[in-house]
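Peer 1: whatever this is, show me its structure:
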Amino acid sequence: MQKFLLIIRDDVQRLAKLSREEMNSNILEMTTWVEELAQSGNWVNGEPLMHEGRYVSRDHVLSDGPFIEAKEAVSGYITIRAENLNQAASIAQTCPKVTRNEVVIEVREIMVMDEEVRPSGYKEE
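Peer 2: Below is the predicted model:
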């Protein structure tokens, strides 16, 4: 099985309006979905991300974060195992927030690096 990164893209303006209780409810719902992925043997790892961040280029670090004029931002990631890209996309479609059209998930296969180009200390999960 290959590994895939599910990049969870959320509406920044919607997130900013959530109460603490609504945020906790969203996290609990996603946790339940992740537990189902773990039980099926597809889940590898993942974390939600804080909304504040920095957008870095060679010459600049923008202190306002990457969401200056963005409507959509990455709110978390999940790494899964799947047979192929189609199966990974089907798994992503089972996310309850996707089924309610609250988020979109970008599905990307994780590249397997040849031994001679791997960084020292690289460990395959």
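
Peer 1: and residue 79, what element?
Peer 2: strand 72-82 (DSSP states H and E).

Peer 1: what strand or helix carries residue 113?
Peer 2: Using DSSP H and E, no helix or strand contains residue 113.

Peer 1: ok, now how distant is it from residue 12?
Peer 2: Remark: distance between residue 113 and residue 12 (CB to CB, to the nearest Å) = 33 Å. To be clear about C-beta, it is placed using only N, CA and C from the backbone, and glycine gets the same treatment.

Peer 1: more neighbours: which of the two?
Peer 2: residue 12 (17 against 11; other CB atoms under 10 Å).

Peer 1: so for the more buried one, what's the pLDDT?
Peer 2: Per-residue confidence (pLDDT) for residue 12: 80.

Peer 1: one more: residue 123?
Peer 2: So, for residue 123, pLDDT stands at 69.

Peer 1: and if you look at residue 63?
Peer 2: Residue 63 is given a pLDDT of 60.

Peer 1: now the helices for the chain?
Peer 2: 12-16, 20-39, 85-92, 96-99 (DSSP state H).

Peer 1: looking at those, which is nearest to residue 71?
Peer 2: Checking the helices of the chain against residue 71 by CB to CB gives helix 12-16 as the closest, at 6.3 Å.

Peer 1: would you mind pulling up the elements that that closest one packs against?
Peer 2: Counting contacts by 3 or more CB pairs under 8 Å, 6 or more residues apart in numbering; DSSP states H and E, helix 12-16 packs against strand 72-82.
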